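Undergrad: no sequence for this one, just the structure:
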Ligand SMILES: Cc1cc2nc3c(=O)[nH]c(=O)nc-3n(C[C@H](O)[C@H](O)[C@H](O)COP(=O)(O)OP(=O)(O)OC[C@H]3O[C@@H](n4cnc5c(N)ncnc54)[C@H](O)[C@@H]3O)c2cc1C
């Protein structure tokens, strides 16, 4: 079975709000020195989901695909060190400024070019723009079924059996393959690369494809192919107006809080 | 869809009635439709029937497209996408508004691609400026916000609760009800729901609660939630959590509030042992007033809080509960 995992490189999403900067003119996020670029956590869990299929005895070939700049090679390497078999890096200046639409277009073409793919996995959303669109877009562009927000993935013959998150529970969906599944954090922690796999990863093949390699025109991808435009990017202002409720003891603090809440008609 | 006009809301029901979020979206749709021109319409899928369609009209829809089919009563990705796409082509709106949840988060992107357009997810604001629709959405875990516009109609967008006040109900409003028939076809059969497991939703839905008491890693274990439950019960509220206790199995998954959890807009949000990461605040920042209980006076949550108490929750909550019980019994005496 051939599995493709789409992964994105993002700035460490656990960054403290106080470190975060944007360039309002350029409408871009300013890289902070010392903040690492990492594989988006949900994508890491998508790689984990693929590896768990292998752990359960399925014969899987796992390809990690990333669209980005040359630096995105690092997240492909990370996927390979986790245990994936090979990688594809989509780099081209024309990819820059892509929205979710243009990204899904490029990735779905790459999946077509890889060929014979049974299952595409992606994180439920990338931890930079938090959109959660690309996985669904790939499914629509390929005309495949989509199961989003997976917490568990199994494959049973020619169907994926996915437990997906609902607002108040879960449901199990059986989807015919080929299909696209997006993975949620409820899947559980991804494995850390072992030393042995990390050593092996250096020898695994990584193909590099450009816009032309995907049979696309530069006008269809990146900023030119985007259907959504960013008009503004800003950091929301927070006017801290916290009233700290004091007291000589926890009991007194609690009583003072209760009184303040009562005065404000909140309790 | 060159002559796209008006706004379409995809209705979400709770016990056959429009959810609070749907009522908010109808209010938003009316405002956007007034400013950009065209009608406010709603898509109603499922087996709810005429009465629910009339409710949507009472809350602001000029027209309701009804796809009455028992198979649509619960969200099904393939079938809902096919039906809503069909209704969208018929209604040809300039914008489609959908609630941001497990269903909307699945539907909206698929719908957008099927209609050959883009989507803005998790929006908190929409407005018309110079005849163009603009949508504001948090990104980078709530650290930033972006305003986006669309090059292609319709603009598909999902909204978090609290983006707009709920529309007021007017039972005298009249609107048109149109029935939609469609064979969702072979595509709908490619996926099948094998089983659904609902967490027992005993009390008030988090989205509808006036008070939410939420716990985080600082509870140090599942037992802390018993205290939170007592407080919530006393206040007629619901209990929620940050992602950490959900991941650790201290509480049900469905209690998670935040970026990838639920969005709540209670009058009062009591955050206990929660540090206030942007990812969490994305789900509760719209609360009327936040009370933070935390041992760390430097915790980020105090920047969002209205009231702060610095201390150990295990020492603070029991007397708080007693004090509120005292208020309540005094109220009862005064009333009798
Ligand atoms: C892409 C992404 C998406 C995410 N989505 C979500 C989401 O949807 N929802 C969400 O909540 N998180 C989400 N997170 C996680 C988020 O970044 C934080 O890690 C998480 O919210 C922290 O939870 P916490 O505040 O409970 O824990 P911590 O940050 O560990 O904070 C615990 C707090 O408890 C306090 N404390 C300790 N002991 C006590 C005591 N005895 N009494 C009182 N206070 C005490 C501490 O001072 C501390 O402030 C996401 C993360 C990523 C990367």
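TA: Everything's here; your move. Note that the structure is predicted; figures quoted are calculated from it, not measured.

Undergrad: C-alpha from now on. contacts and neighbour counts both.
TA: OK.

Undergrad: where exactly do the helices run in chain A?
TA: Along chain A, counting by DSSP state H, helices occupy A:41-55, A:73-82, A:100-114, A:134-142, A:195-201, A:222-225, A:250-263.

Undergrad: Not counting sequence-adjacent ones, nearest residue to residue 230?
TA: You didn't pick a chain, so chain A it is. residue B:148 (4.5 Å; Cα to Cα, 6 or more residues apart in numbering or on different chains).

Undergrad: wait, I meant chain B there
TA: residue B:321 (7.7 Å).

Undergrad: Retrieve the pLDDT associated with the one you found.
TA: Predicted confidence (pLDDT) for residue B:321: 98.

Undergrad: try the one 3 residues further on
TA: Looking at residue B:324, its pLDDT stands at 97.

Undergrad: Could you tell me whether it really is in a helix?
TA: Yes. Residue B:324 forms part of a helix when assessed by DSSP: H, G, I helix; E, B strand; the rest coil.

Undergrad: ok now do it, which residues does it touch?
TA: Counting by Cα atoms under 8 Å, 6 or more residues apart in numbering or on different chains, residue B:324 touches A:258, A:267, B:234.

Undergrad: and of the residues you listed, the nearest to the ligand?
TA: residue A:258 (17.1 Å; Cα to the nearest ligand atom).

Undergrad: So that closest one sits against residue B:323, correct?
TA: Yes. Residue A:258 lies in contact with residue B:323 (Cα atoms under 8 Å); the separation is 6.5 Å.

Undergrad: okay, these two: which has more neighbours?
TA: Taking neighbours as other Cα atoms under 10 Å in any protein chain shown, residue A:258 and residue B:323 compare with residue A:258 leading, 22 against 18.

Undergrad: any idea how far residue B:128 is from the more buried one?
TA: 43 Å (Cα to Cα, to the nearest Å).

Undergrad: Can you name the residue of the stretch 51-200 of chain B nearest the ligand?
TA: Going by Cα to the nearest ligand atom, the ligand is nearest to residue B:141 of the stretch 51-200 of chain B, at 6.5 Å.

Undergrad: quick one: contacts for that residue?
TA: A:13, A:127-130, B:259, B:278-279, B:282.

Undergrad: try it again with 7 Å
TA: By Cα atoms under 7 Å, 6 or more residues apart in numbering or on different chains, the contact set of residue B:141 is A:127, A:130, B:278-279.

Undergrad: What's the ChimeraX syntax to select whichever of the residues you listed are buried?
TA: Buried residues within the contacts of residue B:141, by 16 or more other Cα atoms under 10 Å in any protein chain shown, are selected in ChimeraX with:
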select /A:127,130 /B:278,279
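
Undergrad: that older thread, now render the contacts of residue B:324 as a markdown table, adding distance to the ligand and pLDDT.
TA: Below are the contacts of residue B:324 laid out as a markdown table (distance: Cα to the nearest ligand atom, whole Å; pLDDT from 0 to 100):
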| residue | distance to the ligand | pLDDT |
| --- | --- | --- |
| A:258 | 17 | 98 |
| A:267 | 21 | 93 |
| B:234 | 20 | 96 |
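
Undergrad: Mind putting those into JSON lines with distance to residue B:48?
TA: JSON lines is the format used below for these (distance: Cα to Cα, whole Å):
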{"residue": "A:258", "distance to residue B:48": "43"}
{"residue": "A:267", "distance to residue B:48": "36"}
{"residue": "B:234", "distance to residue B:48": "34"}
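
Undergrad: Tell me how many other residues surround residue B:262.
TA: Look at residue B:262: counted by other Cα under 10 Å, it has 25 neighbours.

Undergrad: actually residue A:56, not the one I wrote
TA: With other Cα under 10 Å as criterion, residue A:56 counts 10.

Undergrad: The one 10 residues further on now?
TA: By the criterion of other Cα under 10 Å, residue A:66 has 25 neighbours.

Undergrad: Tell me which residues touch it, please.
TA: Counting by Cα under 7 Å, 6+ apart, the residues that residue A:66 touches are A:6-8, A:72, A:76, A:88-90.

Undergrad: Those residues in strands, which ones?
TA: A:6, A:88-90 (DSSP state E).

Undergrad: which is the next helix or strand following the least confident helix or strand in chain B by mean pLDDT?
TA: Least confident helix or strand of chain B, by mean pLDDT, DSSP states H and E, is helix B:185-188 with a mean of 64. Per DSSP states H and E, helix B:185-188 leads on to strand B:191-198 as the next helix or strand towards the C-terminus.

Undergrad: What segments of the stretch 51-200 of chain B are helices?
TA: Counting by DSSP state H, counting those that start in this stretch, the stretch 51-200 of chain B has helices at residues B:77-91, B:102-114, B:185-188.

Undergrad: still on that earlier bit, pLDDT score for the residue nearest to residue A:230?
TA: pLDDT for residue B:148: 98.

Undergrad: What pLDDT is listed against the residue nearest to residue B:257 when sequence neighbours are not counted?
TA: Using Cα to Cα, 6+ apart and skipping residues adjacent in sequence, the residue nearest residue B:257 is residue B:283, 5.2 Å away. Residue B:283 carries a pLDDT value of 96.

Undergrad: ok, back up a step: can you add distance to chain B and give the helices of chain A back as JSON lines?
TA: Shown next, in JSON lines, are those (distance: least, Cα to the nearest Cα, whole Å):
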{"stretch": "helix A:41-55", "distance to chain B": "11"}
{"stretch": "helix A:73-82", "distance to chain B": "19"}
{"stretch": "helix A:100-114", "distance to chain B": "6"}
{"stretch": "helix A:134-142", "distance to chain B": "5"}
{"stretch": "helix A:195-201", "distance to chain B": "27"}
{"stretch": "helix A:222-225", "distance to chain B": "10"}
{"stretch": "helix A:250-263", "distance to chain B": "5"}
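
Undergrad: for those, which one sits closest to residue B:228?
TA: Checking the helices of chain A against residue B:228 by Cα to Cα gives helix A:250-263 as the closest, at 14.5 Å.

Undergrad: got the buried residues for the closest one?
TA: So helix A:250-263, judged by 16+ other Cα under 10 Å, has buried residues A:250-261.

Undergrad: hang on, isn't residue B:262 packed against residue B:283?
TA: Yes. With contact defined as Cα atoms under 7 Å, residue B:262 counts as touching residue B:283 (6.0 Å).

Undergrad: Turn the helices of chain A into a markdown table, columns for distance to residue B:7.
TA: What follows is these, written out as a markdown table (distance: least, Cα to Cα, whole Å):
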| stretch | distance to residue B:7 |
| --- | --- |
| helix A:41-55 | 33 |
| helix A:73-82 | 41 |
| helix A:100-114 | 22 |
| helix A:134-142 | 23 |
| helix A:195-201 | 51 |
| helix A:222-225 | 25 |
| helix A:250-263 | 40 |
